[in-house]
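Visitor: can't give you the sequence, but here's the structure:
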């Protein structure tokens, strides 16, 4: 796929034939120092919307909560859901520029979006997310547990207690707290989508704490799916390969970024819009007989 892509006052030409290192870009933004990263500072900007994707009402009148929907994969999911007719609630940490750009984009395509800034590791904020959603829209149909952090560490000894604690709390506790608050509002046909990672299945040696949390998400997904199956509430997970999102420059040293995704069969990384239809599939009735599963969008990366 190749097309001119414009966002804000920036314009890029994207060629989707090969990976990040071979796109038609002159530079890559330096690594960012703050997790989970800021999309508006990235160069190249991630492509979050495929202009050829036309919604068909698959999520008409549904209400979706998407954690970390301000940017990256969450932003791509939010926009695709909005195109399909869903109302969107986006809890995010403090990336206000990204969040407002996402909200504005959704509203320009005719959707509805509510932003909530706070920390999902705090139970009271998770309760606020649910209370606000019910107040604004009267129901909840879809929960996407997308928010997460990851830190590059060359050895176990380099992982500080504070880093380990933060990774666990954001990636696991936040998901647990919010899912627990949302569950009483879900009904037959509703859906929970959790984000795990390809790194869980091959064990990235520089992401030990992150991989640990993403492995736990697989277990959580499978157990909760069986627990809720007779209520016809589906719980599935997505395990993305390398996607160009703010998490990447916020995690990796700049020298490593151009090679990310090159070890997949397609020999490239991916842009967020390429994952959006998978979110729609799992959120909609198209996946009515699918629960407890992990969808692997990784460009054909070989896993043990």
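Guide: Yep, that arrived. None of the values given here were measured: they were computed from a predicted structure.
Visitor: Contacts for the helix or strand residue 179 falls within, please.
Guide: Following DSSP states H and E, one finds residue 179 within helix 174-182. Applying Cβ atoms under 8 Å, 6 or more residues apart in numbering, the contact partners of helix 174-182 are 65, 67, 91, 119-123, 126-127, 129-130, 140, 143, 145, 147, 192, 194, 217, 220, 224. In this view, the C-beta of every residue, glycine as well, is placed from N, C-alpha and C.
Visitor: tell me which residues in that helix are buried?
Guide: Using 16 or more other Cβ atoms under 10 Å as the test for burial, helix 174-182 gives 174, 175, 176, 177, 178, 179, 181, 182.
Visitor: about what we covered before: now restrict the contacts of helix 174-182 to buried residues only.
Guide: 65, 67, 91, 119-121, 126, 129-130, 140, 143, 145, 147, 192, 194, 217, 220, 224.
Visitor: that older thread, pipe the buried residues of helix 174-182 into CSV and attach distance to residue 85 per row.
Guide: Output for these, formatted as CSV (distance: Cβ to Cβ, whole Å):
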residue, distance to residue 85
174, 27
175, 26
176, 29
177, 28
178, 23
179, 24
181, 24
182, 20
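Visitor: of all the residues you listed, which comes closest to residue 153?
Guide: residue 174 (20.8 Å; Cβ to Cβ).
Visitor: any low-confidence regions in the stretch 151-300 of the chain?
Guide: Under the criterion pLDDT under 70, no range of the stretch 151-300 of the chain is flagged.
Visitor: can you give me the helices in the chain?
Guide: Counting by DSSP state H, one finds helices in the chain at the ranges 72-83, 96-108, 123-137, 161-168, 174-182, 199-202, 208-228, 247-251, 276-283.
Visitor: Find the one among the ones you listed with the highest mean neighbour count.
Guide: Scoring those by mean neighbour count under mean count of other Cβ atoms under 10 Å gives helix 72-83 as the most buried, with a mean of 29.
Visitor: helices and strands around that helix, which ones?
Guide: Contacts defined by 3 or more Cβ pairs under 8 Å, 6 or more residues apart in numbering; DSSP states H and E place helix 72-83 against strand 63-66, strand 87-92, helix 96-108, strand 142-145, helix 276-283.
Visitor: For residue 217, which non-adjacent residue is closest in space?
Guide: residue 196 (4.5 Å; Cβ to Cβ, 6 or more residues apart in numbering).
Visitor: Actually, residue 137.
Guide: residue 63 (4.5 Å).
Visitor: mind listing what the one you found touches?
Guide: Contacts of residue 63 were listed using Cβ under 8 Å, 6+ apart, and they are 86, 87, 89, 133, 137, 138, 139, 140, 141, 142.
Visitor: Would you mind giving these as a markdown table with distance to residue 249 and pLDDT added?
Guide: As requested, those are exported to a markdown table (distance: Cβ to Cβ, whole Å; pLDDT from 0 to 100):
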| residue | distance to residue 249 | pLDDT |
| --- | --- | --- |
| 86 | 29 | 98 |
| 87 | 31 | 98 |
| 89 | 27 | 98 |
| 133 | 31 | 98 |
| 137 | 34 | 98 |
| 138 | 39 | 98 |
| 139 | 37 | 98 |
| 140 | 33 | 98 |
| 141 | 33 | 98 |
| 142 | 29 | 98 |
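Visitor: wait, doesn't residue 248 sit right on residue 261?
Guide: No. The criterion here is Cβ atoms under 8 Å, and residue 248 misses it with residue 261 at 9.7 Å.
Visitor: shared neighbours, these two?
Guide: With Cβ under 8 Å, 6+ apart as the test, residue 248 and residue 261 both reach residue 242.
Visitor: What distance do you get for the closest residue in space to residue 86 that isn't next to it in sequence to residue 244?
Guide: Leaving aside its sequence neighbours, residue 86 sits nearest to residue 59 (Cβ to Cβ, 6+ apart; 3.9 Å). Per Cβ to Cβ, to the nearest Å, residue 59 is found 25 Å from residue 244.
Visitor: Then residue 93?
Guide: Applying Cβ to Cβ to residue 93 and residue 244 gives a distance of 20 Å.
Visitor: When those two are compared, which one has more neighbours?
Guide: residue 244 (26 against 20; other Cβ atoms under 10 Å).
Visitor: So the more buried one sits against residue 268, correct?
Guide: No. Contact criterion Cβ under 8 Å: residue 244 and residue 268 do not qualify, at 10.1 Å.
Visitor: one step back: drop anything exposed from the contacts of residue 63.
Guide: Looks like those have 86, 87, 89, 133, 137, 140, 141, 142 buried, using 16+ other Cβ under 10 Å.
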